[in-house]
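# Got a predicted structure here, sequence first:
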Amino acid sequence: MAGLVVIFGLMGSGKTTLARALGQARGWPVIESDRVRKALAGLAPGDRAELPFGQGIYGKEFSDRTYAEMLRLAARHLAAGSGVILDASFKRAYDRERARLLAREHQEPVLFVYCACPPEEARRRLGIRLTDPQAVSDGRVELFEAQARDFDPPGPEDQPLLRLHTQRQPARLLEELRKFIEVFL
């Protein structure tokens with residue numbers, strides 16, 4: 001069985017690190033919203049788009065395009081019989097619903113993994129990211145609170161759901177995630 005794994009949460013919560021580790025462990029592709037968004041905008045992955053919260057390529061219309069493209073790419077993998085991992089904030093409940101519909105369309109299960117850490121840890125990570133020339137994400141400390149206020153928390157429809165507190169060792173997180181996936185896939 002293939003399956004769709006949606007890894008979501010606030011900026012700086014460890015989504016991409018976890019998604020990449022899971023993708024490597026399972027041999028599944030990872031579709032990262034940061035990369036897809038920048039490709040749609042004609043930007044290189046490392047190009048910085050330091051925009052105000054919810055503006056430009058981070059506005060609703062462009063975000064809708066980004067998620068639509070992520071789902072289109074995921075559909076190709078599911079149609080080919082491969083599992084796939086989506087890495088994005090999925091801050092809107094309706095974007096998570098679109099992932100559920102995609103999985104249902106391909107008769108595959110969808111699993112949700114909500115990454116969380118204390119706000120001070122997320123801010124610390126975001127600060128480090130600013131100095132990383134390989135960073136793709138444009139998440140910044142000054143945007144964190146706005147995203148937190150604008151985030152639809154996981155609801156009962158986002159099942160099965162694993163809540164991961166990402167301050168723990170990556171190996172432990174990956175093991176917990178592996179066990180969760182084995183139950184449903």
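Looks like it came in fine. Predicted, not measured: the structure shown is a model, and the values here were computed from it.
# The chain: helices as residue ranges?
Along the chain, the stretches classed as helices by DSSP state H are 15-26, 33-40, 60-79, 93-105, 119-129, 141-149, 170-184.
# Show me which residues of the second one are buried.
Of all the residues in helix 33-40, those buried under the rule 16 or more other C-beta atoms under 10 Å are Ser33, Asp34, Arg35, Val36, Arg37, Lys38. Where C-beta positions appear, they are placed from N, C-alpha and C, glycine not excepted.
# And the first one, by the same measure?
Of the residues in helix 15-26, those buried by neighbour count under the rule 16+ other C-beta under 10 Å are Lys15, Thr16, Thr17, Leu18, Ala19, Ala21, Leu22, Gly23, Arg26.
# From Gln107, how far off is the fifth one?
In this structure, Ala19 and Gln107 are 23 Å apart, going by C-beta to C-beta, to the nearest Å.
# one step back: the helices of the chain into a markdown table, with extra columns for distance to Asp47 and mean pLDDT?
A markdown table is the format used below for these (distance: least, C-beta to C-beta, whole Å; pLDDT from 0 to 100):
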| stretch | distance to Asp47 | mean pLDDT |
| --- | --- | --- |
| helix 15-26 | 17 | 96 |
| helix 33-40 | 6 | 97 |
| helix 60-79 | 15 | 98 |
| helix 93-105 | 24 | 98 |
| helix 119-129 | 14 | 94 |
| helix 141-149 | 17 | 94 |
| helix 170-184 | 28 | 95 |
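# Let me see the contact set for Arg37.
Ile57, Tyr58, Phe62, Ser63, Thr66 (C-beta atoms under 8 Å, 6 or more residues apart in numbering).
# can you redo the residues you listed as JSON lines with neighbour count and distance to Arg72?
Below are the contacts of Arg37 laid out as JSON lines (neighbours: other C-beta atoms under 10 Å; distance: C-beta to C-beta, whole Å):
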{"residue": "Ile57", "neighbour count": "18", "distance to Arg72": "18"}
{"residue": "Tyr58", "neighbour count": "18", "distance to Arg72": "20"}
{"residue": "Phe62", "neighbour count": "15", "distance to Arg72": "15"}
{"residue": "Ser63", "neighbour count": "19", "distance to Arg72": "15"}
{"residue": "Thr66", "neighbour count": "23", "distance to Arg72": "11"}
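# And the buried residues of helix 15-26, which is closest to Ser82?
Of all the buried residues of helix 15-26, Arg26 has the smallest distance to Ser82: 9.7 Å, by C-beta to C-beta.
# Next, the contact list for that closest one, please.
Arg26 neighbours (C-beta under 8 Å, 6+ apart): Gly83, Ile85, Ile181.
# Next one, pLDDT for the closest residue to Trp28 other than its chain neighbours please.
Residue nearest to Trp28 in three dimensions, not counting chain neighbours: Gly83, with 4.5 Å by C-beta to C-beta, 6 or more residues apart in numbering. pLDDT, Gly83: 97.
# residues near Gly83, how many?
23 (other C-beta atoms under 10 Å).
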